[in-house]
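Engineer: Predicted structure and sequence below. I'll ask about it afterward.
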Amino acid sequence: MATRAGPPEDTRQPIGGREGGGAATCYGVANVGPRRAALGPGGERRGRQSSSGGSGSGSQPRGSALSRGNSSGRRAGAVRREEGGEEEGRGGGGGASRSGDADPSRPALPARPPAGGCRCRDRPAGPRRRRPRRCCGRRSGAERSRGPAELPLRSAPGPLLPPPPASDLLRNLSYNKLTEIDPSAFAGLSNLQEVRLNNNELTTIPSLGPAASSVRSLHLHHNRIRSIEASQLKPYVTLETLDLSFNDITEIRNGCFPQGLHIKELYLGSNRISTLEPGAFDSLSRSLLTLRLSKNRITQLPVKAFRLPRLTQLELNRNRIRLIEGLTFQGLDSLEVLKLQRNNISKLTDGAFWGLAKMQVLHLEYNSLTEVNSGSLYGLSSLHQLHLSNNSISRINPDGWSFCQKLHELELDHNDISGTIEDTNGAFTGLENLSKL
């Protein structure tokens with residue numbers, strides 16, 4: 001009987017490095033390859049050695065019952081998968097071979113992952129089931145149907161309290177004609193932080209009732225306030241910025257600022273202040289950083305008038321100061337900027353700036369100074385900028401800058417300095433860091 005010739009052998013390379021074109025999925029299960037297996041030399045299907053210990057190649061004729069059984073098994077497996085059964089179409093307990101028999105040497109296929117969570121993390125690692133390098137990020141159908149808002153939490157969240165509305169943090173009543181404030185208007189504002197009452201007609205620092213205890217910024221400039229009373233400021237225990245500029249204040253007395261305040265910025269410019277009592281700011285020594293007293297009527301600064309070790313900026317420009325005595329600024333250990341321009345200063349006594357070891361900028365322009373000597377600048381070891389323009393300076397002592405070796409900028413324009421360049425060249429000896437003159 002003539003042997004029936006089979007089709008030519010399929011020489012294509014298997015997809016994914018497996019016979020039949022299977023490739024690993026997130027389950028670690030091989031996709032079902034082409035139904036036509038590779039044929040042997042005699043046109044017969046290449047099988048595996050049966051689990052019952054049979055010898056030989058285990059090949060079967062093309063139309064044998066075993067082939068038909070494999071086809072039936074695959075169709076049945078597909079039906080079971082479509083019906084949502086837990087058993088995979090390729091076998092239940094162990095890995096199935098091409099011939100449909102269970103292969104005990106291969107690990108069992110994993111069950112379907114539970115609803116929720118990534119499928120890559122749920123499948124066990126095993127031979128020929130390599131864990132993906134990165135998570136696939138896929139979610140089950142039940143998890144997708146819930147949506148991100150209903151996913152289970154890994155830990156209990158903290159209390160989710162809404163922030164207070166902006167209207168509870170700020171009250172702006174500026175640019176009106178208010179002469180007094182009713183404290184009941186601020187009742188219930190426990191979170192109030194900033195109050196703007198500027199450009200009104202107030203004559204005293206207003207009372208805000210219980211709301212004053214939380215206020216951090218109080219703007220009272222451009223009013224008609226005549227004095228500062230400790231009893232009026234005592235409720236403002238958290239106040240950091242107080243603006244009293246452009247008022248009618250005439251003096252700063254000892255005890256104006258009560259103990260317990262934490263004011264960092266105090267603006268008293270453009271008033272009518274002519275008297276500064278010694279110790280007037282001592283109660284603010286632990287907090288005050290900026291003090292503005294410009295555009296007032298101050299004629300004299302008492303010795304040790306400022307005992308503010310944390311103060312970094314002091315503005316005394318546009319006053320009527322004529323003399324700076326020695327140790328006037330002692331107690332300002334952290335001062336970096338001092339503004340004394342546009343006064344009537346004609347003399348700086350020896351030690352006038354002693355104690356200002358951290359001073360970096362000194363403004364003395366538009367005064368009546370006539371000379372520069374080392375005694376008047378004693379103690380300014382960290383000074384970087386010195387502004388002396390628009391004075392009447394006609395003489396610079398040879399050792400005038402001996403205590404200002406770190407000067408970077410020096411302004412001497414609009415003075416009465418005369419002589420040739422050779423005469424004035426020695427006046428700047430020692431200023432090796434000077435970059436602007």
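Structural biologist: Cool, the structure landed.
Engineer: Show me how this structure divides into domains.
Structural biologist: Under the assignment automatic domain parsing, the domains of the chain span 165-297, 301-437.
Engineer: where among these is the average confidence lowest?
Structural biologist: Among the domains of the chain, domain 301-437 carries the lowest mean pLDDT, at a mean of 88.
Engineer: so when I look at Leu218, I'm seeing a strand, right?
Structural biologist: Yes - assessed by DSSP: H, G, I helix; E, B strand; the rest coil, Leu218 belongs to a strand.
Engineer: Contact partners for it?
Structural biologist: Each residue near Leu218 by C-beta atoms under 8 Å, 6 or more residues apart in numbering is listed here: Glu194, Val195, Leu197, Tyr236, Leu239, Thr241, Leu242, Asp243. Bear in mind the C-beta positions are built from the backbone N, C-alpha and C, glycine included.
Engineer: which residues pair with it across the strands?
Structural biologist: When bridges are called by DSSP bridges, Leu218 pairs up with Val195, Leu242.
Engineer: remind me which residues of the stretch 51-200 of the chain are low pLDDT?
Structural biologist: Scanning the stretch 51-200 of the chain for pLDDT under 70 picks out 51-167.
Engineer: hang on, the earlier thing: would you mind writing the PyMOL command to select the buried ones in the contacts of Leu218?
Structural biologist: Buried residues among those (16 or more other C-beta atoms under 10 Å), as a PyMOL selection:
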select buried, resi 195+197+236+239+241+242+243
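Engineer: Count residues in the vicinity of Arg342, would you?
Structural biologist: 19 (other C-beta atoms under 10 Å).
Engineer: Quick check: it vs Leu293, distance?
Structural biologist: 13 Å (C-beta to C-beta, to the nearest Å).
Engineer: Could you do Ile273 as well?
Structural biologist: From Ile273 to Leu293 the distance is 7 Å (C-beta to C-beta).
Engineer: try Ser392
Structural biologist: Ser392 is 25 Å from Leu293, by C-beta to C-beta.
Engineer: do Arg318 as well
Structural biologist: 10 Å.
Engineer: Backbone dihedrals for Ser283, please?
Structural biologist: With angles defined as degrees, to the nearest 10, Ser283 sits at phi -70, psi -10.
Engineer: hmm, back to that, neighbour-wise, which of Ser392 and Leu293 wins?
Structural biologist: Leu293 (25 against 13).
Engineer: can you give me phi and psi for that one?
Structural biologist: Torsion angles, degrees, to the nearest 10, at Leu293: phi -130, psi 20.
Engineer: and if you look at Leu169?
Structural biologist: Dihedral angles of Leu169 (phi, psi; degrees, to the nearest 10) stand at phi -100, psi -30.
Engineer: Quick one: end-to-end distance for stretch 259-272.
Structural biologist: This stretch, stretch 259-272, spans 25 Å end to end (C-alpha to C-alpha, to the nearest Å).
Engineer: next one: stretch 354-369
Structural biologist: So stretch 354-369: terminal residues 18 Å apart, C-alpha to C-alpha.
Engineer: now swap in stretch 356-375 and tell me
Structural biologist: Terminal-residue distance, stretch 356-375 (C-alpha to C-alpha): 14 Å.
Engineer: how about that stretch: buried residues?
Structural biologist: Using 16+ other C-beta under 10 Å as the test for burial, stretch 356-375 gives 356, 359-367, 369, 372-373, 375.
Engineer: Return the alpha-carbon coordinates of stretch 224-235 using PDB.
Structural biologist: Written as PDB, here are the backbone C-alpha positions of stretch 224-235 (Å, rounded to 0.1, in the frame of the first residue of the first chain):
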ATOM      1  CA  ARG A 224      -4.500 110.700  63.300                       C
ATOM      2  CA  ILE A 225      -3.100 108.600  66.200                       C
ATOM      3  CA  ARG A 226      -1.400 110.900  68.700                       C
ATOM      4  CA  SER A 227       0.200 108.400  71.200                       C
ATOM      5  CA  ILE A 228       1.100 104.800  71.900                       C
ATOM      6  CA  GLU A 229      -0.400 103.300  75.000                       C
ATOM      7  CA  ALA A 230       0.600 100.000  76.500                       C
ATOM      8  CA  SER A 231      -3.000  99.100  77.400                       C
ATOM      9  CA  GLN A 232      -4.000  99.400  73.800                       C
ATOM     10  CA  LEU A 233      -1.300  97.000  72.500                       C
ATOM     11  CA  LYS A 234      -1.500  94.400  75.200                       C
ATOM     12  CA  PRO A 235      -4.200  92.200  73.600                       C
END
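Engineer: List the buried residues for it?
Structural biologist: Neighbour count says stretch 224-235 has Ile225, Ser227, Ile228, Gln232, Leu233, Pro235 buried, by 16+ other C-beta under 10 Å.
Engineer: cool, and stretch 245-265?
Structural biologist: Those would be 245-247, 249, 251-252, 256-258, 261, 263-265, for stretch 245-265 by 16+ other C-beta under 10 Å.
Engineer: From Ala211, how far out is Gly188?
Structural biologist: 8 Å.
Engineer: Looking at the two, which has the bigger crowd around it?
Structural biologist: The residue with more neighbours, out of Gly188 and Ala211, is Ala211; 22 against 11, by other C-beta under 10 Å.
Engineer: Double-check that the more buried one belongs to a strand.
Structural biologist: No - using three-state DSSP, the assignment for Ala211 is helix, not a strand.
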